[in-house]
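[1] what shape does this take:
(2 chains)
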Amino acid sequence: MNYLSKENGLLSWLLTGDHKRIAILYLISISFFFFIGGALAGLIRLELLTPQSDLMATDTYNKVFSMHGIIMIFFFLVPSVPATLGNFFIPMMLGAKDLALPKINLLSWYLYIAAGILALYAMITGGVDTGWTFTTPLSTHYVNTNVITTGIAIFIAGFSSIFTGLNFIVTIHKMRAPGMTWFRMPLFVWAHYATSILMVLGTPVLAIALVLVVLERTVGIGVFDPAKGGDPLLFQHLFWFYSHPAVYIMILPGMGVINEVISTFSRKRVFGYTAVAFSSVAIAVFGFFVWAHHMFIMGISNYSVLVFSLLTMLVAVPSAIKIFNWAFTLYKGSITFETPMIYSFGFMGLFTIGGLTGVFLGTSGTDIHLTETYFIVAHFHFVMVGGMLMAFLAGLHFWWPKMTGRMYPEKISQFAAVVTFIGFNFTFFPQFILGMLGMPRRYASYPQEFQVLNVFSTAGATILGVGYLLPVLYLTWSLKYGEIAGSNPWQATGLEWQTQSPPLTENFVEIPIMDHEVYDYEWLERQKEKEVASVR
Amino acid sequence: MPHISPVLWQFLVKWMTNFALFPPEASRIAPQMDALYFFMVLVSLIGLTIVILLLTSFSILYSKKRHPVAVQVEGSTLLEATWTIVPLGLFLVMFVWGALIYFRVYTPPANAMNIYVVGKQWMWKAEHPGGQHEINSLHVPAGRAVQLTLISQDVFHSFSIPAFRVKREAIPGRYTTVWFEATTPGTYHLFCTQYCGTEHSHMIGDVVVLSPDDYKKWLASSTSGASLAQNGERLFASLSCNACHNTRPDARGPNLANVYGSKLRLSNGQTIVADEAYLRSAILNPSQNVMQGYAPIMPTYQGQVSEDGVIALVEYIKNLNSDYRVQQTTNTTELLPTNEGKAAPAGQKATGSTPAGQGMVKQ
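    Predicted coordinates:
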């Protein structure tokens, strides 16, 4: 008996309050959206194979990249790790039976689905061509596409994310098992705590900005309209006040995954636990004060540029701390290289590049030349795809045995991880060079001399596509044919591993007592010895 | 060898001949920005190498085969302080260095020659002080500081010249400025880098850097017969601005001679400096900008004057000294009589103008 087999039928899933089932619902839905977003990315890369705009009309291209961004960011990256792995494992890691507010959790999924359907409806009935950034006055006065529908979809998706964040905060404060002090929480939970703060405080600002766009389109209130005394730059302030922290919403949970994976496969506690925990919180706090670095060339005052550039430098430091702490977690460990570990290595390499190139953009002088070019595109994808997606896949493989009770096939998934890494670099590294050469982003056609690098990029995207399709196939296969996993196949220390796989609906037979430090592998050894003794 | 695969071969040849890692450096600021860029690339490469070295060496030294039992290590304050302080220090160096370049790019020297640029879906219009105007191209002299004053007529655009390493957003309702000094004659890319709708990727053009002599020739051959300020003067008259803004003692509006650059007291008590932004705002939004001692009777010209027209008016007012006649601007001295019917040189998109009506929005 486990959470999967306890009840059957579609209704038992659609009306469930079980955080694990909701996580599975989320997993299926975000995968669906990921492949729609991925197909759109494929279309973008095909169009850019040649300098002319020949595969599709420029309007179509503009819709394709806009929908790619909107779907990938709001319907995949933001919910990716928190709503699936976070939803599933935060209560288990804390030794709780469920999240604090199970019905809100289900509501959050329904809002997500409603928003997703609305966004797809907007896409099918004509799409939207504002880019995912909805820049005014383009979005308010100059385009004739489904801005309102898409805006409402993102507005609703925002509430889904606020509810998830709220639920996590309450759960982490109130539902910890006896003995589970703040500094005994897995770093995955710390990362999600920081993420939740960002979700709860940042998302409403995006919602307000989008409501203002909708009001401007419908009744013309003119907050962003200079002809009515409004300020078109105000929209960007509001938008980036959410959307910069949003990139931390997207990356912090991934960092959380990396902690668990690296510690488990090197049999070591995370080097400098406190520093890593606080660096998550520091990123969340500083992350709120750097938004205007998206606007260095927009005529904001030179002195505010100084402040925002300086703060951007400060927010880069906690990320550097994390990278080195992870590297030193390996020191004197006993390392094995299962798939989650390979993805984590990929993450560390690509995130280092993504982070360092972010400094190029935070530095005001170089930002002038590099912003709004493919350098931005490359930087963003290194962090989001090279970072977050790698971390998501690491986490998915890591916890797959716990979620399904079955092992994934090791060899082919290691292969898929390597393919993803190679394909990724081929796709996105040339884009840094394109950016330095000055190729603007969001161009359907481009000067001849940029073609070679674009051909590289498109070729790489093909490899990357294969890398993403493989897990779908073998993970589905493993549901039926995978080896039975057992409760703790990786010999990991987290509480989620100290119960059966797949877990009971109540997670634990009795509420566990946290009487040891997190990542305490000696404790795990003692437990095993005890078990052996009790059997004798 | 070529017959193995002509397509692949062509591709390789193209790659070898076209491959570049950096755009040309064609402005005074470009080598300075590149120096910082190279410094950052170097620091990044060192940082990345350290991370990769750590990961691979630990992976080899402490693989389960070699090192079956892990030794627990708590952390190390000294090491952690090191990798907090060293990156912070390097980032701060980049911050300061970058800020110095940033201030240089966006602080035009006083003697810079000003060209107005209006962005609209989907073209760039440049208005030279001598009255020359061009679309999707910009002719500038080498070796002279050129300031661009940018504004957009509709949505956000961004004026980018990668070879100069400069870029500035053209914003609706607000002037922004950037400057550069081109060093090498040649033709360079001009891109709109802010996504602006359907034909965003076609909002491109050429920046043509000419030697001072060639530039003089270009100015002469592209003149429209009147300087920008003279166009503004005609517009000023045709909009009947001079009905109120004149030199008569009972004039209903303030005298605009010498108003540019002076300090004004507004009726709401504010003191402001009459710069381009103020002049523009006073034309389009007069009720917010009434000078002390005058009645708020001026109607708005919003919707009646295009951004080009406002620019001509602003340029006219800037050049007013004592009476309501245009003083000769530097470039009008170079004006030659127009030669009607003479074909414009190839590749040059300067257009003639219809003096009095130019800049007025057709209702």
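[2] tell me which element B:Y188 falls in.
    strand B:186-192 (DSSP states H and E).
[3] and the contacts of that strand?
    A:438, A:440, A:447, B:24, B:26, B:119, B:122, B:124, B:136-138, B:157-164, B:200, B:203-209 (C-beta atoms under 8 Å, 6 or more residues apart in numbering or on different chains). The way it works is simple: take the backbone N, C-alpha and C, and place the C-beta from them, glycine included.
[4] for PyMOL, write the select line for the buried members of those residues.
    In PyMOL, this line selects whichever of the contacts of strand B:186-192 come out buried by 16 or more other C-beta atoms under 10 Å in any protein chain shown:
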select buried, (chain A and resi 438+440) or (chain B and resi 26+119+122+124+136+137+138+157+158+159+160+161+162+163+164+200+203+204+205+206+207+208+209)
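[5] the contacts of strand B:186-192 in strands, which ones?
    Among the contacts of strand B:186-192, the members found in strands (DSSP state E) are B:119, B:124, B:137-138, B:157-161, B:205-209.
[6] including pLDDT, could those residues go into JSON lines?
    Formatted as JSON lines, the ones in strands among the contacts of strand B:186-192 follow (pLDDT from 0 to 100):
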{"residue": "B:G119", "pLDDT": "96"}
{"residue": "B:W124", "pLDDT": "96"}
{"residue": "B:S137", "pLDDT": "95"}
{"residue": "B:L138", "pLDDT": "97"}
{"residue": "B:H157", "pLDDT": "96"}
{"residue": "B:S158", "pLDDT": "97"}
{"residue": "B:F159", "pLDDT": "97"}
{"residue": "B:S160", "pLDDT": "97"}
{"residue": "B:I161", "pLDDT": "97"}
{"residue": "B:G205", "pLDDT": "96"}
{"residue": "B:D206", "pLDDT": "96"}
{"residue": "B:V207", "pLDDT": "97"}
{"residue": "B:V208", "pLDDT": "97"}
{"residue": "B:V209", "pLDDT": "97"}
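[7] quick check, nearest of these to chain A?
    B:S158 (5.7 Å; C-beta to the nearest C-beta).
[8] need phi/psi at residue 298.
    As the question left the chain open, I've gone with chain A. phi -100, psi 20 (degrees, to the nearest 10).
[9] um, chain B though
    Per degrees, to the nearest 10, the backbone of B:M298 is at phi -70, psi 130.
[10] past the lengthiest helix in chain A, which element shows up next along the chain?
    When chain A is parsed with DSSP state H, its longest helix is helix A:232-266. Where DSSP H and E defines the elements, the next helix or strand beyond helix A:232-266 is helix A:273-286.
[11] which parts of the stretch 51-200 of chain B are helices?
    Under the criterion DSSP state H, counting those that start in this stretch, the stretch 51-200 of chain B contains helices at B:77-105.
[12] which residues of it score low on pLDDT?
    Within the stretch 51-200 of chain B, not a single segment meets pLDDT under 70.
[13] restricting to the ones in strands among the contacts of strand B:186-192, which residues neighbour chain A?
    B:S158, B:S160 (C-beta under 8 Å from any C-beta of the partner chain).
[14] can you list the ones in strands among the contacts of strand B:186-192 in JSON lines and add distance to A:T171?
    Formatted as JSON lines, the ones in strands among the contacts of strand B:186-192 follow (distance: C-beta to C-beta, whole Å):
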{"residue": "B:G119", "distance to A:T171": "50"}
{"residue": "B:W124", "distance to A:T171": "54"}
{"residue": "B:S137", "distance to A:T171": "61"}
{"residue": "B:L138", "distance to A:T171": "59"}
{"residue": "B:H157", "distance to A:T171": "47"}
{"residue": "B:S158", "distance to A:T171": "44"}
{"residue": "B:F159", "distance to A:T171": "50"}
{"residue": "B:S160", "distance to A:T171": "47"}
{"residue": "B:I161", "distance to A:T171": "53"}
{"residue": "B:G205", "distance to A:T171": "56"}
{"residue": "B:D206", "distance to A:T171": "60"}
{"residue": "B:V207", "distance to A:T171": "58"}
{"residue": "B:V208", "distance to A:T171": "63"}
{"residue": "B:V209", "distance to A:T171": "62"}
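[15] farthest pair within the ones in strands among the contacts of strand B:186-192?
    The span of the ones in strands among the contacts of strand B:186-192, defined through C-beta to C-beta, is set by B:H157 and B:V209 at 21.8 Å.
[16] now B:F58, nearest residue through space, not along the chain?
    A:L330 (3.8 Å; C-beta to C-beta, 6 or more residues apart in numbering or on different chains).
[17] now for B:N114: which residues touch it?
    If you count contacts by C-beta under 8 Å, 6+ apart, B:N114 has them with B:P129, B:V146, B:Q147, B:L148, B:T149.
[18] let's see it at 7 Å
    B:N114 makes contact with B:P129, B:Q147, B:T149 under the criterion C-beta atoms under 7 Å, 6 or more residues apart in numbering or on different chains.
[19] now A:A461: how far from B:T56?
    Per C-beta to C-beta, to the nearest Å, A:A461 is found 27 Å from B:T56.
[20] how about the strands in the stretch 401-536 of chain A?
    Applying DSSP state E, counting those that start in this stretch to the stretch 401-536 of chain A gives no strands.
[21] hmm, back to that, run the angle between the longest helix of chain A and helix A:273-286 for me.
    Per axes from the mean of the first three to the mean of the last three C-alpha atoms, to 10 degrees, the angle that helix A:232-266 makes with helix A:273-286 is 170 degrees.
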